[in-house]
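S.K.: dropping a prediction and its sequence here:
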Amino acid sequence: MRQSYDYFIQWHLTDRCNLACRHCYQQGVGYIEMPTGQILSFMDDHRDMLDGWASDYDLDVTGSYQFTGGEPLLRDDIFDILDAARAANFKTFLMTNGTMIDAAVAERLAHTGVEAVQISLEGIPSTHDYIRGSGSFARTAEGFRALAEADVDATANVTLSRKNVDQIEKVTRLAAEVGAKRIGFGRLVPEGRGLDMINEMLSADELAEAFNLIKSLRVDGIAAITRDPLSCSINDDPDPYSCGSTAVAGCAAGLSGVTILPDGTVMPCRRLNIAIGNINETPLREIWATNPILEDLRDKSAYTGKCGDCDSWDVCRGCRAIAYAASLTAGTPDYLSDDPQCLKARIPTP
Ligand code: SF4
Ligand code: SF4
């Protein structure tokens, strides 16, 4: 049987937004947006790249797009882009703040065949409004309800910090009430405006407690999950895919996809704020195969801290964005350094 592999692109189509959230990693750079035609033409190149991999390496390769922003629904051509991606046989996801989704938008999303819409939710209404702006919870909840009415799968995404870590169960129930099918929990990355919330980052002990709660949570109609690489440390069973010094899971940076910014700049991950090329200048296949930063991210021996000696490296690697942001704050920028919230590292070595 051929090995299967999904290659995703998280595409920030615009950095315009109708909100100004406190922890946003964007810093209002004002990128020039690629026009529709250029975006559709890249999709053809992307399809050729995946077909090339499938034949060159005998892989079963699928491709997916996570379209986001800023607020992606601010782009007039968002539905043309979604339709074109589906027509080119990519799975499509939309990541939005949900405040622009009414019945008509939800119907249109259903029509494009989007796999799921991911909407940020920060906690109970007062916490959500504190982080995302007054009145935003009510508008976001309406967005969830409109999607449920149109039978579009919705996932709530929560950024965990000290502002909301005590609301995990409540926000899961709230998400279920407004019709979300899944709720995912991630961590605050202290960069962009999020740097102002650095003191709200959870300690490793607080994070372990949160992950254990998420793992044990059972709420009717909704699945609570975290894809955070560090959650591998609270799993009871060894990872069946574990295979030493080849990365197979955990942090996606350098492993299973890239981020593209509105002007075509490529990054390993939107939160790992390092440009590695531009799709308008260099084919993505070339960037993916030759960029030295991506090579470092895949090379266990290049890691500078505990990760390089860790037997969970292949399924974890920490969050490279948080490691980088923390090292930047300490004045020694290093995207291969320790993830400061590592759950394993808090246990003293005997
Ligand atoms: S750097 Fe962090 S946010 Fe980005 S893919 Fe890795 S774990 Fe996820
Ligand atoms: S040392 Fe690194 S690879 Fe190991 S568990 Fe911690 S963050 Fe993950």
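M.R.: Thanks, I have it. Ligands and ions are numbered 1, 2, ... in the order given.

S.K.: quick check: phi and psi at residue 93.
M.R.: Dihedral angles of residue 93 (phi, psi; degrees, to the nearest 10) stand at phi -130, psi 150.

S.K.: and the nearest residue to it once chain neighbours are set aside, what is it in contact with?
M.R.: What sits nearest to residue 93 in space, not counting adjacent residues and going by CB to CB, 6 or more residues apart in numbering, is residue 66, at 4.5 Å. All C-beta atoms are positioned from the backbone trio N, CA, C, and that covers glycine. By CB atoms under 8 Å, 6 or more residues apart in numbering, residue 66 lies in contact with 8, 9, 10, 11, 93, 94, 95, 118.

S.K.: from these, which land in strands?
M.R.: Counted as lying in strands by DSSP state E, out of the contacts of residue 66, are 8, 9, 10, 11, 93, 94, 95, 118.

S.K.: any chance of a markdown table for these, columns neighbour count and pLDDT?
M.R.: Converted to a markdown table, the ones in strands among the contacts of residue 66 look like this (neighbours: other CB atoms under 10 Å; pLDDT from 0 to 100):
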| residue | neighbour count | pLDDT |
| --- | --- | --- |
| 8 | 18 | 96 |
| 9 | 21 | 98 |
| 10 | 20 | 98 |
| 11 | 26 | 97 |
| 93 | 21 | 98 |
| 94 | 26 | 98 |
| 95 | 21 | 97 |
| 118 | 19 | 97 |
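
S.K.: so residue 276 sits against residue 266, correct?
M.R.: Yes. Counting by CB atoms under 8 Å, residue 266 is a contact partner of residue 276 at 5.3 Å.

S.K.: give me the common contacts of the two.
M.R.: 258, 287.

S.K.: show me the helices in this structure, by range?
M.R.: Secondary structure of the chain (DSSP state H): helices located at 36-57, 78-87, 103-112, 125-132, 136-149, 168-177, 204-216, 284-290, 292-297, 320-329.

S.K.: among these, which is nearest ligand 2?
M.R.: helix 320-329 (8.0 Å; CB to the nearest ligand atom).

S.K.: near ligand 1 at all, the closest one?
M.R.: Yes. Interface with ligand 1: helix 320-329 contributes 320, 321 (CB under 6 Å from any ligand atom).

S.K.: what's that helix in contact with?
M.R.: So helix 320-329 is in contact with 187, 189-191, 195, 198, 251, 253-254, 268-269, 271-274, 297, 305, 333-341, going by CB under 8 Å, 6+ apart.

S.K.: sort out which residues of it are buried, please.
M.R.: 320, 321, 322, 323, 324, 325, 326, 327, 328 (16 or more other CB atoms under 10 Å).

S.K.: and stretch 335-350, by the same measure?
M.R.: Neighbour-count burial for stretch 335-350 [16+ other CB under 10 Å]: 335, 336, 337, 338, 339, 340, 341, 342, 343, 344, 345.

S.K.: repeat that for stretch 140-159.
M.R.: Neighbour counts over stretch 140-159 (16+ other CB under 10 Å) mark 140-148, 150, 152-159 as buried.

S.K.: try stretch 67-84
M.R.: For stretch 67-84, burial by neighbour count (16+ other CB under 10 Å) applies to 67-75, 77-79, 81-84.

S.K.: okay, how far is it across that stretch, tip to tip?
M.R.: From its first residue to its last, stretch 67-84 covers 12 Å (CA to CA, to the nearest Å).

S.K.: got it, and stretch 271-284?
M.R.: By CA to CA, the extent of stretch 271-284 from end to end equals 19 Å.

S.K.: show me how far it is from its chain's centre.
M.R.: 17 Å (CA atoms, centre = their mean, to the nearest Å).

S.K.: follow-up on the earlier one: including distance to ligand 1, could the contacts of residue 66 go into CSV?
M.R.: Shown next, in CSV, are those (distance: CB to the nearest ligand atom, whole Å):
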residue, distance to ligand 1
8, 10
9, 13
10, 9
11, 15
93, 15
94, 18
95, 13
118, 14
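
S.K.: ok now stretch 173-192, how far from the chain's centre?
M.R.: Once both centres are worked out by CA atoms, centre = their mean, stretch 173-192 turns out to sit 12 Å from its chain's centre.
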